[in-house]
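[1] got a predicted structure here, sequence first:
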Protein chains: 2
Amino acid sequence: MEIKQFLKEKKPLIDAEMEKVFPRKASRGWLDFALGTAAYAYDSETITKSMSEPIWEYLDRGGKRWRPGLCLLACAAVSGSEEKALPFSTIVELVHTGTLCCDDVEDDSKLRRGKPCMHLIHGVDIAVNNGCALYFIPLTILYRNTENISQEQIVKIYNLYGEEMLRVSTGQAMDILWHKGNKEDISEQEYLQMVAYKTGVLARFAARLGAIIGNASPEQIEALGKFGEAIGVGFQIQDDLLELTGEEFKKGKGSAGGDIHEGKRSLLVIKTLATAVPVDKKRLLEILNRHTTDEKEIVEAVELIKKYGAIEYAAKRAKEIVEASWKELDKALPESGAKATLKSLADYCTERQI
Amino acid sequence: MEIKQFLKEKKPLIDAEMEKVFPRKASRGWLDFALGTAAYAYDSETITKSMSEPIWEYLDRGGKRWRPGLCLLACAAVSGSEEKALPFSTIVELVHTGTLCCDDVEDDSKLRRGKPCMHLIHGVDIAVNNGCALYFIPLTILYRNTENISQEQIVKIYNLYGEEMLRVSTGQAMDILWHKGNKEDISEQEYLQMVAYKTGVLARFAARLGAIIGNASPEQIEALGKFGEAIGVGFQIQDDLLELTGEEFKKGKGSAGGDIHEGKRSLLVIKTLATAVPVDKKRLLEILNRHTTDEKEIVEAVELIKKYGAIEYAAKRAKEIVEASWKELDKALPESGAKATLKSLADYCTERQI
């Protein structure tokens, strides 16, 4: 099955499962379950308004749920049960949503999925707190485990969680300081590491999680993790690329050009800085460090990037990274429908135009 | 040994252990250990500047390390080894520091331990990201476990972590919305629950953690957890009380009166609102909801609080809560030096004047 069709079918199941893990109302029953009996008394209504409603408003905005989908596929591809993986797959979507809440505050973003960011609706306090809450809400699946899963698997999942979450923070730490312009000559390898941690990591988490639940071999877990990471990196490069070349940019719409305004060191920028003659390099850095909103300057930056062939280069690198990881994964997995869907995810990742 | 002396002796040991868990520089060696070998390349210098230095600048500002101290005492009080508990005890201090970074952004605070908050020095982005990073850094102790501890204990600690961290977020969620004035009639029980989650929870975490490492019985773990929570609640009530009656306030110094400015619903405020005649209640709410900086109004609010005996009431409640938990703990623990130090912590908590 093609990945798009697969995700379309699974999304309602994943969403229903998320509602079980984190109900739309913080009922007394859920609070007792998740936090234990109150020593004093819960204010269920306030918790609902402060946490459940803003978080669900976000989740309802959409998203393809491709990370949980990847988790299900990874489990099925090692002959595990997709059904068994379903509750656990929500971990990565909830954590991912948490990173959106926090990142939007950190980057002072305005829009998320076409609507104002959480901090612009509910305040920075609610957004940061819900971002953090979303890192812990999915752990209820582990610490109140009612699933048929071994203690050894639980430890493996917790270990995975700890490592991947610290990677997320580290990737973000690099990205933030680079935005502030602390380093002119970021190498391509350093850049890819940052993206692997900031964007690839939750896909890696998803794939390894599914593999662990499916009782995969260590080699399979490793290969699936690398594939997930590569997909995440590929998506990010493609995203950066489409922002400057896609329809949105041509129409001057939405967040187009926002990366230039933000001063983002994308692969496009890094390649240009590494290749450009000094005067062009200086000019590009000038525009990026100014956090400009001037459309003329933004177009000028994009022209510089195009001049040095960075667009084609980035597209090629994304393709290489995803294909190399597929080659390894192809060897590690037996043939199956799930494997074919994973392959179509790899292809989609570097070929999509929106 | 008196608690003050105990903490004075342990602080250097705890700090040295924190440096092992999270070194002052994000060296290649530490990054490889904590995050695994880089798929591409680490930018060790940027990670140091972005994470390690701001976090250590915060840790170096002080703090009595009473939460890790409580963890060590809990372990020793159930006949466990303090030495074995030492690395794990840093978990609660690091997580606690993370909550400070995030809370200061959420509350838009200005000062922390006498110096500007992290977000005022390094930006909201660095502060939020480091706050989150501090939730995950200590997990390296668990997922790269090199200590002599069983898999069963590891699962118990992870479970504890998950539950307590979600409690922290939930407590903060209640507090934030109340500050925004969403609810006029917060009951004392609801208030105490919020404090138990926001402030008591990391002390509860610390005590239970020590107990788990010391192989305590379920009853001992429970009683130590309740004691920790009560101590946390007691400290908070005493803090709120001292802010409005202590030397700082009398001199009009520092953050004194900040709780009134913040519109904080402390036990003092809740008790006053529950007891005051309508006109006084209305006036106090007015001042609180205005987030005033006018000194005359702040003094007026404090006078209203004093008028209804809320100061004495809060002091009495703090004492009752701590004493009730001690009564249970006293039964659960054999006599020992550690137990005597725990008792002195209980006494210190409700008797301190600064």
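    Okay, I see it. Residues are numbered from 1 along each chain as shown, chains lettered A, B, ... in the order given.
[2] name the element residue A:176 belongs to?
    Using DSSP states H and E, the element containing residue A:176 is helix A:151-179.
[3] helix or strand next in line after that helix, which one?
    With elements assigned by DSSP H and E, the helix or strand that comes after helix A:151-179 is helix A:188-195.
[4] for residue A:292, grab phi and psi.
    When read as degrees, to the nearest 10, the backbone of residue A:292 gives phi -70, psi 150.
[5] could you count how many residues lie near it?
    Neighbourhood size, residue A:292 [other CB atoms under 10 Å in any protein chain shown]: 18. To be clear about C-beta, it is placed using only N, CA and C from the backbone, and glycine gets the same treatment.
[6] wait, what's in contact with it?
    Taking CB atoms under 8 Å, 6 or more residues apart in numbering or on different chains as the contact definition, residue A:292 lies against A:260, A:261, A:298.
[7] which other helices and strands contact whichever strand or helix holds the first one?
    This points to residue A:260. When elements are assigned from DSSP H and E, residue A:260 belongs to helix A:258-262. Taking 3 or more CB pairs under 8 Å, 6 or more residues apart in numbering or on different chains; DSSP states H and E as the contact definition, the neighbouring helices and strands of helix A:258-262 are helix A:218-245, helix A:295-307.
[8] could you measure from the closest residue to residue A:144 other than its chain neighbours over to chain B?
    Ranked by CB to CB, 6 or more residues apart in numbering or on different chains and with sequence neighbours excluded, the top spatial neighbour of residue A:144 is residue A:33, at 6.3 Å. In this structure, residue A:33 lies at 11 Å from chain B, with CB to the nearest CB, to the nearest Å as the measure.
[9] what mean pLDDT does the host helix or strand of residue A:33 have?
    Secondary structure assignment for residue A:33, by DSSP H and E: helix A:28-35. When pLDDT is averaged along helix A:28-35, the result is 96.
[10] one more: stretch A:6-25?
    When the per-residue pLDDT values of stretch A:6-25 are averaged, the result is 97.
[11] do stretch A:343-354 as well
    Per-residue pLDDT over stretch A:343-354 has a mean of 83.
[12] got it, and stretch A:230-237?
    Stretch A:230-237 comes out with an average pLDDT of 93.
[13] pLDDT value on residue A:160, please?
    pLDDT recorded at residue A:160 is 97.
[14] dump the residue contacts of the closest residue to residue A:172 other than its chain neighbours.
    Take residue A:172 and drop its neighbours on the chain: the residue closest to it by CB to CB, 6+ apart is residue B:129, 4.9 Å away. Listed by CB under 8 Å, 6+ apart, the contact set of residue B:129 reads A:102, A:106, A:169, A:172, A:173, A:176, B:50, B:51.
[15] which of those residues are buried?
    Neighbour-count burial within these applies to A:102, A:106, A:169, A:172, A:173, A:176, B:50, B:51; the criterion is 16 or more other CB atoms under 10 Å in any protein chain shown.
[16] could you export those residues as CSV, including distance to residue B:25 and pLDDT?
    What follows is the buried ones among the contacts of residue B:129, written out as CSV (distance: CB to CB, whole Å; pLDDT from 0 to 100):
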residue, distance to residue B:25, pLDDT
A:102, 25, 96
A:106, 23, 94
A:169, 17, 97
A:172, 19, 95
A:173, 14, 96
A:176, 18, 92
B:50, 12, 97
B:51, 10, 98
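[17] in a markdown table: those residues, plus distance to residue A:336.
    Formatted as a markdown table, the entries for the buried ones among the contacts of residue B:129 read as follows, by distance: CB to CB, whole Å:
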| residue | distance to residue A:336 |
| --- | --- |
| A:102 | 37 |
| A:106 | 40 |
| A:169 | 35 |
| A:172 | 36 |
| A:173 | 39 |
| A:176 | 41 |
| B:50 | 42 |
| B:51 | 41 |
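[18] for the stretch 201-350 of chain A, what lies in contact range of chain B?
    Taking CB under 8 Å from any CB of the partner chain as the criterion, the neighbours of chain B within the stretch 201-350 of chain A are A:226, A:229.
[19] highest average neighbour count across the helices and strands packed on helix A:258-262?
    Neighbour counts (mean count of other CB atoms under 10 Å in any protein chain shown) averaged over each of those peak at helix A:218-245, with a mean of 23.
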